[in-house]
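In: Fold the following and give me the result.
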Amino acid sequence: MGNRPAKPKGRYLNELIKKVPNMNFEEVLNTYEEFQAQSRGSGRLKQKDFIEVYKRAFQGNKGATALAESIFQSFDTDNSGYIDFEEFLVGLSLTEASLGGSDRETKLKKLKWAFNVYDKDRSGTIDKHEMRSIVRVVAELAPEDSFLRNGSAEDFADRLFNQVDANGDGDITFEEFRRAAEINETLIDLLLPAPAV
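Out: Residues are numbered from 1 along each chain as shown. Prediction:
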């Protein structure tokens, strides 16, 4: 078996399943196998490898790189420069969780994850440049009948930013982001394509 980590089992597997309530035992094990294949058995993904997976999933679309970089940062919760299986599993679970059918804790985690994708500089707020950057990338990856409805990504980002920035100070806090998503539950799903790793 070499340096390949063993399949999750026993107490560790039970702990993982508690962290990903929208996934069952079989899905966790299948995700583990896929993760091991992507990480070439190392048990962790470097940012470069994560980006390559995204580029393949989005057929080489150049926008996939920028989105993958932001998503990688949000998955790498310990800031190690790598994503281990647990970080990947929890992040993937959050991206796949629907806000509408989730409990309050899962909703908050998904919103925090989405907020962190937009907060590229990890300042704790989202500025207009960060909003435009992610919306532009998502628009490149979205199908032709995307959410832009014949407008530009920048115009859409500016309208969205102005709606979410409740106090008009030029920065979106997590609380403002959370309140906007509670009013419009499709907002997060619309703006963040889930990874297809």
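
In: When you work out contacts or count neighbours from here on, use the C-alpha atoms and nothing else.
Out: Fine.

In: all strands for this structure, in order.
Out: Ranges of strands in the chain, per DSSP state E, are 44-46, 82-84, 126-127, 171-172.

In: And the first one, what's buried?
Out: Okay, so that is strand 44-46. Within strand 44-46, the residues that qualify as buried by neighbour count (16 or more other CA atoms under 10 Å) are Arg44, Leu45.

In: partners of that strand in the sheet?
Out: strand 82-84 (antiparallel) (DSSP bridges).

In: where does this structure dip in pLDDT?
Out: 1-6, 9, 60-62, 96-102, 142-148, 150, 185-197 (pLDDT under 70).

In: Centre-most residue in it?
Out: Closest residue to the average C-alpha location of the chain: Ile71 at 4.7 Å, with CA atoms, centre = their mean.

In: From Tyr54, how far off is it?
Out: 10 Å (CA to CA, to the nearest Å).

In: With Tyr118 instead?
Out: Taking CA to CA, one finds Tyr118 at 17 Å from Tyr54.

In: Then Ile183?
Out: 30 Å.

In: Compare the two and say which one has the larger neighbour count.
Out: When neighbours are counted by other CA atoms under 10 Å, Ile183 and Tyr54 differ, and Tyr54 comes out ahead with 22 against 9.

In: I figured that one hits Ala68, correct?
Out: Yes. The pair Tyr54 / Ala68 is scored as a contact, 6.2 Å apart, by CA atoms under 8 Å.

In: coming back round to it: minimum distance to Leu16: which of the strands of the chain has it?
Out: strand 82-84 (12.6 Å; CA to CA).

In: Find out how far that closest one is from the centre of the chain, if you would.
Out: Relative to its chain's centre, strand 82-84 lies at 14 Å (CA atoms, centre = their mean, to the nearest Å).

In: Give me the contacts around that strand.
Out: For strand 82-84, the external contacting residues (CA atoms under 8 Å, 6 or more residues apart in numbering) are Gly43, Arg44, Leu45, Lys46, Gln47, Phe72, Phe75, Asp76.

In: dump the residue contacts of the residue nearest to the centre of the chain.
Out: So Ile71 contacts Val117 (CA under 8 Å, 6+ apart).
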